[in-house]
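Trainee: heads up, no residue letters with this:
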C-alpha cells in the first residue's frame, strides 16, 4: 500500500463516522420522546364543520396566519403559514397544500398534526409541537363552532407547562377539493 492510498483510506475512515452522525441528527424516530395525544382518532361523521377545504384565520400573528385542515378520518393539521405578499389563497393552495415536499415534511414529523373532536358546538384539536429538538408536547386548541364555515379558537394550552393562552382567533372556511392526503405514521 502506497502512502497516497494510506492517506485516502485514513480520510475515508475519518469521514465515515461523521457522515453517519450527521445523518442521525434532527430526525425524529421511535426512540425519541413523543408525548401521547391523549385523544383517540375517531372518524368525523358530523355536519357541524365542513371538511372539503381548510379554515384560515382572519388575523395575523407575527406575520403568520393560522391554518386548520380537518379530515373525515379525524386527523387534523393545525399550523401557521407565512402571510406572503401574493394572494393568500393562492399561496396556501399552491405553495403549502399542493407542495408535495412541504406536506411530506409536515406529515413525516410529529408537529402540527393531530386529532380533533367535536362535541355539540365545541371543537378540540390536539396536535404535537416540538418542545426541543428531541421531544414533542401536546398542544390543545379549544374553541367554538359559530356555523359550518366559521369557528373560533378561544384557548391554546401547552400541556407540559400548564400554560393557557386566550386567543380568540376566528377561522373562516375556504373550499378546496385537492387537499393533501392525511396519512401519517404517528396517528393510527
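Mentor: Alright, I've got the coordinates. Keep in mind the model is a prediction, meaning the values are calculated, not measured. Residues are numbered from 1 along each chain as shown.
Trainee: Identify the spatial nearest neighbour of the most centrally placed residue in the chain, chain neighbours not counted.
Mentor: Nearest residue to the geometric centre of the chain (CA atoms, centre = their mean): residue 112, 1.9 Å. Once flanking residues are discounted, residue 112 sits nearest to residue 79: 3.9 Å by CB to CB, 6 or more residues apart in numbering. Every residue, glycine included, has its C-beta placed from N, CA and C.
Trainee: How about the contacts made by the one you found?
Mentor: 66, 67, 106, 112 (CB atoms under 8 Å, 6 or more residues apart in numbering).
Trainee: Number of residues surrounding the third one?
Mentor: Close neighbours of residue 106, defined as other CB atoms under 10 Å, add up to 16.
Trainee: which SS class is it?
Mentor: helix (DSSP: H, G, I helix; E, B strand; the rest coil).
Trainee: give me phi/psi at the closest residue to it other than its chain neighbours?
Mentor: Spatial nearest neighbour of residue 106, chain neighbours left out: residue 112 (6.0 Å); criterion: CB to CB, 6+ apart. Dihedral pair for residue 112: phi 70, psi 0, per degrees, to the nearest 10.
Trainee: and residue 112, what does it touch?
Mentor: Each residue near residue 112 by CB under 8 Å, 6+ apart is listed here: 77, 78, 79, 106, 127, 128, 129.
Trainee: can you check residue 40 too?
Mentor: Taking CB under 8 Å, 6+ apart as the test, what residue 40 contacts is residue 115.
Trainee: Can you give me the buried ones in the helix or strand containing the residue nearest to residue 112?
Mentor: In the assignment (DSSP states H and E), residue 79 maps to strand 75-82. Of the residues in strand 75-82, 75, 76, 77, 78, 79, 81 count as buried by neighbour count, 16 or more other CB atoms under 10 Å.
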